[in-house]
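Enquirer: What would the 3D arrangement of this be:
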Amino acid sequence: MKKIIIIGFLFCVALSYAQEPVKLEGYAQGTTYHITYFDKKNRNWQTQIDTLLRQFDLSVSTYIPNSIISKINTNKPNVKVDKYFITCFKKAKEVWKNTHGAFDPTVYPLVNAWGFGPGKKQKIEQSKIDSMLQFVGFDLIALKGKRIIKKDPRVALDFNAFAQGYSVDVVSDFLKSKGIRNFIVEIGGEVYAHGKKPNGENWKVGIEQPYDNKESENPYNIIANLENLALATSGNYRRFIIENGVKYAHHLDPKTGYPTKNNLLSASIFSKQCIASDANATGVLVMGLDKAKVFLQQHPELQAYLIYSDEKGNFKTYSTDGLSAILEKTK
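Expert: Next comes the predicted model:
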């Protein structure tokens, strides 16, 4: 009898190793998503996930005129926020405080003026920047129950710097609610991986070399092994404009109103939630390498892999101690 049990057990293990993954892909938030999971029932959740992502966009996408955030930005009366908006607002307030304002979603008017949002690019002049900075600051807006209170009606929010990361969490929570324990979710390059593959391997994700490249994927700088971990990368090599031979990255410094100018090229942040990874990656990129090192020492719940350029323009890297068992060099 014991032999039968052992043989049966080994057969079940072999079946689990041979289990085929369910792979989903589609479009959301102006980008693509890719999801892989292992499910003994081989269920396909694409329709439900697409519906979930559409509902998410109707809450926090500035590219949808009738979304909740768009209505708040245009001061529509009696707008009630939903759970997605509340989560984004509270996390934004937390990261804004922790980064001493380096991360600030009220930069939305500046984002539009520079041509990085849905609005038409404007002619940049110092007087225009100074004028807009008067209503940039997360202390000028508050959440009271399900309503937003502004100190100045010109204050406007932009959650795009971390909404994709949060959408990864939303989809991941959905999969967990369905009993799926081994999966990876990627939306617009932001990732959360849970559990392992059936063969016991961790999920592998590449972090790109920060070459200026708007169109295609860059070669990997390093590989990250993920298990129950989120990863989000912010960089200045995908979204930028060039005017009169000068490159302007889409990450804006909320204190100056201008695109950031420092030697930090990309910031990859690892944490337990992709919303936290995404928001803090933006804040770290804005604050620059030296301030980022101090910030990361103060926040051990975050692990980071930073790529920067030295005085000669060569790529250099900095990683926090907690990543030694996670990162592996590319072959």
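Enquirer: show me the contacts for Glu227.
Expert: 193-196, 202-203 (Cβ atoms under 8 Å, 6 or more residues apart in numbering). C-beta coordinates here come from the backbone N, C-alpha and C atoms, glycine included.
Enquirer: same thing but at 6 Å, please
Expert: Glu227 makes contacts with Asn202, as judged by Cβ atoms under 6 Å, 6 or more residues apart in numbering.
Enquirer: Ramachandran angles for it?
Expert: Dihedral pair for Glu227: phi -150, psi 120, per degrees, to the nearest 10.
Enquirer: Same check on the one 5 residues further on?
Expert: Main-chain torsions, Ala232, degrees, to the nearest 10: phi -130, psi 140.
Enquirer: How about Ser277?
Expert: Per-residue torsions, Ser277: phi -60, psi -40 (degrees, to the nearest 10).
Enquirer: number of nearby residues for it?
Expert: Number of residues near Ser277 (other Cβ atoms under 10 Å) recorded here: 30.
Enquirer: list the contacts for it?
Expert: Ser277 touches 165, 230, 232, 269, 271, counting by Cβ under 6 Å, 6+ apart.
Enquirer: what about Val171, distance to Gln46?
Expert: Per Cβ to Cβ, to the nearest Å, Val171 is found 11 Å from Gln46.
Enquirer: Low-confidence bits of the stretch 201-331 of the chain, can you list those?
Expert: For the stretch 201-331 of the chain, the stretches with pLDDT under 70 are 211-216, 237-250, 331.
Enquirer: same thing but 80
Expert: Within the stretch 201-331 of the chain, the segments meeting pLDDT under 80 span 210-219, 236-251, 313, 330-331.
Enquirer: Now do the strands in it.
Expert: Counting by DSSP state E, counting those that start in this stretch, the segments of the stretch 201-331 of the chain that form strands are 203-208, 220-226, 229-235, 240-243, 246-249, 264-271, 303-309, 315-319, 327-329.
Enquirer: Can you list the low-confidence ranges for the stretch 51-200 of the chain?
Expert: Short version for the stretch 51-200 of the chain, where the test is pLDDT under 80: 114-122, 124.
Enquirer: swap the cut-off to 50 and go again
Expert: In the prediction, the stretch 51-200 of the chain carries no residues with pLDDT under 50.
Enquirer: coming back round to it: got JSON lines for the strands of the stretch 201-331 of the chain, with distance to Gly179 and mean neighbour count too?
Expert: Conversion of those to JSON lines gives the following (distance: least, Cβ to Cβ, whole Å; neighbours: other Cβ atoms under 10 Å):
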{"stretch": "strand 203-208", "distance to Gly179": "19", "mean neighbour count": "19"}
{"stretch": "strand 220-226", "distance to Gly179": "21", "mean neighbour count": "19"}
{"stretch": "strand 229-235", "distance to Gly179": "20", "mean neighbour count": "26"}
{"stretch": "strand 240-243", "distance to Gly179": "43", "mean neighbour count": "12"}
{"stretch": "strand 246-249", "distance to Gly179": "42", "mean neighbour count": "16"}
{"stretch": "strand 264-271", "distance to Gly179": "24", "mean neighbour count": "26"}
{"stretch": "strand 303-309", "distance to Gly179": "29", "mean neighbour count": "21"}
{"stretch": "strand 315-319", "distance to Gly179": "35", "mean neighbour count": "15"}
{"stretch": "strand 327-329", "distance to Gly179": "31", "mean neighbour count": "12"}
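Enquirer: Minimum distance to Met132: which of these has it?
Expert: Met132 lies closest to strand 246-249 among those, at 15.8 Å (Cβ to Cβ).
Enquirer: What's the separation between the closest residue to Tyr318 other than its chain neighbours and Lys150?
Expert: Once flanking residues are discounted, Tyr318 sits nearest to Leu306: 4.5 Å by Cβ to Cβ, 6 or more residues apart in numbering. Here Leu306 is placed at a distance of 35 Å from Lys150 (Cβ to Cβ).
Enquirer: go on, Ala102?
Expert: From Ala102 to Lys150 the distance is 22 Å (Cβ to Cβ).
Enquirer: Compare these two (neighbour count), which wins?
Expert: Ala102 (24 against 17).
Enquirer: and that one, which of the three is it?
Expert: coil (DSSP: H, G, I helix; E, B strand; the rest coil).
Enquirer: Would you confirm that it contacts Ala281?
Expert: No: in this structure, Ala102 is not within contact of Ala281 by Cβ atoms under 6 Å, at 11.2 Å.
Enquirer: Would you map the helices across the chain?
Expert: Using DSSP state H, the helices of the chain run over 2-18, 46-60, 68-73, 83-98, 108-113, 126-133, 163-177, 274-287, 289-298.
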